[in-house]
Structures are given as structure tokens and as C-alpha cells.
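1. Coordinates for the following, if possible.
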Amino acid sequence: MDFLRSRQGCEQTFYGYRTAGGSPHESPEEGLIFPVYVIQLLCLTIATATGALMGGETARPWLLLIHQIPPKPDYLRVKIWRRLHQVGAVAIKQSVYALPQSDQALEDFSWILKEIMAGGGDGSVSETLFLEGLTDAQVVGLFQAARNADYEKIVEDARSLADGLSGDSSGGNDGDSKLKSHFSRLRRRFEEIVALDFFDAPGAGAAEGALADVGARIAGVAQRPRQAFLPIRELKGRTWVTRKGVYVDRIACAWLVRRFLDPGARFKFVSGKPYQGKSNEIRFDMFEAEYTHEGDRCTFEVMVDRLGLDDYGLSQVAQIIHDMDLKDRKFHRPEVDGLGLLFDGITAASIGDGERLERGFVILDEMYASLSKQTQKKSEVNHAPYRQAHAKEQRKNRKGLPGDSRMDR
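-> Alright, predicted model coming up:
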């Protein structure tokens with residue numbers, strides 16, 4: 001299917017809908033249930049996904065462990081389940097577990113298979129491609145969902161630890177030692193999850209931010225300053241580094257950099273493992289980055305705040321990105337579900353991170369323009385009574401003044 005024709009046809013279908021009044025609108029801006037930017041970008045995403053499917057994307061190789069465990073002894077089933085969880089495998093069917101193909105994955109599955117067979121079970125390890133039915137994107141989604149659940153547990157435990165930091169020093173050195181020990185275990189668990197995060201699940205940023213906050217409080221270090229760590233003029237010409245597999249928060253941060261800081265900004269994508277930035281690089285939304293989650297704020301919110309970008313439209317975008325990234329419905333933005341489908345469509349197209357950014361920028365450009373336009377209209381409506389009263393008062397005060405044309409007549 002031709003990309004342009006599929007997009008135009010989709011837009012014509014949406015714009016052909018009748019409104020509640022019963023008559024079609026010639027202008028797509030009027031009477032639509034969805035904002036026009038959502039309609040346009042939904043069509044763009046549909047066309048993109050169609051093009052990806054028609055373009056014959058290369059299938060990803062996977063390793064599968066297919067096994068059967070005897071009903072007794074009970075501990076064997078629990079033992080194997082724990083081992084599979086430890087290597088980061090996910091279940092795609094009952095007794096069928098998957099890992100992305102690698103030498104390490106093959107070794108992990110081989111050892112687990114030996115344990116199964118030693119316990120009286122049976123099984124096999126195979127390399128496979130998903131050609132029909134289950135898709136690579138769906139399997140990647142299973143891995144990301146599993147790691148997001150792990151990251152959410154980290155956030156929950158970090159917040160519980162933070163709640164215990166009431167400033168009461170009655171525990172003395174023993175209490176401090178226990179807090180530090182608990183925090184160290186939590187940090188190690190986070191690093192273990194990161195090592196198994198094969199597809200850069202978006203929940204990593206929130207977990208790292210929660211840990212950073214707790215660590216700073218335990219160490220008695222003040223939170224990092226709200227202003228930019230460098231003047232904005234010194235942020236130009238830099239390379240911005242983030243994790244591979246960009247999604248909502250990282251795409252939005254890159255858009256903020258390109259649109260508000262440096263139109264020529266370059267981006268670099270690395271693994272989720274700890275990365276030591278070079279002198280000309282700035283890291284964002286990753287482990288120990290210059291810009292990352294802080295408390296219950298996503299990286300985009302942190303960047304807008306610390307860079308001092310006082311813009312109402314940006315503040316609205318930040319609320320939407322927060323609700324999409326952290327999924328806590330803090331701001332109860334109604335756009336979240338629809339925009340989530342658009343970003344999911346981008347990631348499902350199996351394209352590179354650079355192209356994900358470019359397509360995400362289109363969504364964010366349209367969203368920002370629409371929200372800024374709504375803000376302007378609301379401002380005009382809110383100030384209209386004031387302007388009318390002010391004009392009336394001016395006319396009243398001008399009566400009798402020399403040079404007033406009405407008085408001269």
C-alpha cells in the first residue's frame with residue numbers, strides 16, 4: 001500500500017464523519033470529537049505500521065526453552081521458575097519460555113534444561129523466528145512488561161524507605177546502618193534488573209529517580225539544584241545521550257532539546273548499562289544522567305523545570321508526558337490513551353531510534369501547537385470582560401480632556 005495514499009485516505013475517512021449536528025464539516029478543524037492533530041497523527045501511525053508490515057521487516061531470532069516438569073517433587077517447579085526469572089526469560093505459552101538470541105542466553109537455557117532433565121523432566125532449546133501469529137513486537141512487549149513490573153517494585157520499595165526517613169535520629173548509628181544496608185540491597189537489585197532489561201523498558205527512569213532521591217536523603221545531600229547545571233547557551237553543540245529503544249519520555253526530552261535549546265542537536269543511543277559520558281555529551285533519562293527522573297517527576301518535567309522554560313503550552317505537554325510515562329494519572333489528562341496508541345504505533349514499526357525521534361517530533365509539534373492555541377483562546381475569553389471594562393473606563397476618563405475629537409465636535 002502506498003504510504004501517502006493510505007494516510008490521505010485515512011484522513012478523508014475521519015474528516016468525512018458527521019458531527020452531532022448531523023452535517024459534515026468542510027473544514028477539518030471544526031466539530032471533530034478528536035483534536036485535528038490526533039486524527040492526522042493516528043492516520044500517520046496507521047500508514048507507518050502498514051508500511052512496516054508491507055516492507056518485509058527482518059524477523060528477530062529468539063531462543064525458546066520448551067519443557068515439561070513432572071508433578072513431583074513440588075520444589076523442582078518452583079526452582080525452575082526462579083531460575084528462569086533470574087535469567088530474564090518470559091513465558092510466551094505454558095511451559096514455553098523465550099530469550100533474545102545470544103550466546104549467553106543459549107548457555108543460560110542449556111543449564112536450566114540440564115536441571116530439568118536431572119529432575120526427571122524433559123525439554124529442548126531451539127532457535128526460532130516468529131512468522132505468523134505471535135509477532136516480535138508482542139514478544140518485546142512481554143519483556144518490557146516484565147521489567148516494568150520489576151521497576152515498579154523498586155519504586156514502591158524506595159518510597160517505603162523514603163517514608164521511613166522522618167528525620168528521627170533515635171535509631172542512632174545502628175538505624176543509619178540498617179537504612180544504608182537496605183538501600184544498598186535495593187540498588188543492587190535495580191542493577192540486576194537493568195542487566196536483564198534487554199529492550200530498555202520505560203520504567204527504568206522512574207526507578208532510578210526514586211533511588212537517587214532516597215540515596216541523597218540518606219547521605220544528607222541536598223537535592224540537585226532546580227536550575228540548569230550549565231547555562232543554556234553552553235548546551236548548544238552538544239551530543240545528547242540516552243538509552244536505546246526510546247519511548248515517550250525520551251522522545252519528548254529529545255524534542256524539547258531540538259525545539260527549544262539547539263535545533264542542530266545530535267543524539268546518541270547506548271545500552272541501558274551505566275555509561276560514562278564524554279566531555280561534549282549530556283546524558284538524559286538513563287543511569288546517573290545529568291537529567292533524569294527526580295522523585296515523582298519524569299525526565300521531561302525535570303528538564304523543563306531546571307532549564308527555566310516558563311511556557312504554559314510546555315507545562316501542559318509535561319503533564320501529558322508524566323501521565324503517559326509514570327502511569328499514575330496524577331494529572332488525569334484525557335489525551336493519554338489516544339496518544340499512547342500513537343507512540344505504541346511508532347515503536348511497533350520496528351524502526352531505529354533516530355526515526356522514532358523524528359516521528360515522535362511530529363506528534364509533539366502538533367500537540368504543542370494545539371495546546372498553545374487552546375491556551376491563547378482561553379486567555380482571550382478570560383480577558384475579554386476585563387478589556388471591555390477597561391475600554392469603558394478609558395472612554396469615561398477621556399471626556400472633557402483637551403484634544404478629544406468628540407468634545408471638539
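
2. ok, now which ones touch L196?
-> Applying C-beta atoms under 8 Å, 6 or more residues apart in numbering to L196 gives the contacts V87, G88, R147. Using the backbone N, CA and C atoms, a C-beta is placed for each residue, glycine as well.

3. In terms of helices and strands, where is the last one?
-> Using DSSP states H and E, the secondary-structure element containing R147 is helix 136-163.

4. Please verify my assumption that Y291 contacts R297.
-> No. The pair Y291 and R297 fails to qualify as a contact (C-beta atoms under 8 Å) at a distance of 10.9 Å.

5. who's more crowded, these two?
-> Y291 (24 against 20; other C-beta atoms under 10 Å).

6. Bridged to that one, which residues?
-> F284 (DSSP bridges).

7. so who does it touch?
-> Contact analysis of Y291 by C-beta under 8 Å, 6+ apart lists C253, I282, R283, F284, D285, T299, V302, M303, R306.

8. will you turn the contacts of L196 into JSON lines that also has distance to S372?
-> Formatted as JSON lines, the contacts of L196 follow (distance: C-beta to C-beta, whole Å):
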{"residue": "V87", "distance to S372": "48"}
{"residue": "G88", "distance to S372": "43"}
{"residue": "R147", "distance to S372": "35"}
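
9. Among those residues, which one sits closest to R187?
-> R147 (16.6 Å; C-beta to C-beta).

10. Surely the closest one touches A207?
-> No. Using C-beta under 8 Å, R147 is not in contact with A207; the gap is 9.7 Å.

11. Quickly list what's touching both of the two.
-> Shared contacts of R147 and A207, defined by C-beta under 8 Å, 6+ apart, comprise I193.

12. count of residues packed around G133?
-> Neighbour count of G133, defined by other C-beta under 10 Å: 6.

13. got the domain boundaries for this protein?
-> Following automatic domain parsing, the chain resolves into domains at 3-54, 62-128, 136-166+174-219, 232-368.

14. now these in TSV, with distance to Q374?
-> Formatted as TSV, these follow (distance: least, C-beta to C-beta, whole Å):
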stretch	distance to Q374
domain 3-54	9
domain 62-128	42
domain 136-166+174-219	27
domain 232-368	8
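
15. got the contacts of L196 as JSON lines, with pLDDT and distance to S102 columns?
-> Converted to JSON lines, the contacts of L196 look like this (pLDDT from 0 to 100; distance: C-beta to C-beta, whole Å):
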{"residue": "V87", "pLDDT": "96", "distance to S102": "11"}
{"residue": "G88", "pLDDT": "96", "distance to S102": "11"}
{"residue": "R147", "pLDDT": "95", "distance to S102": "17"}
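
16. Can you tell me which of those residues is closest to A158?
-> Closest to A158 out of the contacts of L196 is R147 (16.2 Å), distances taken as C-beta to C-beta.
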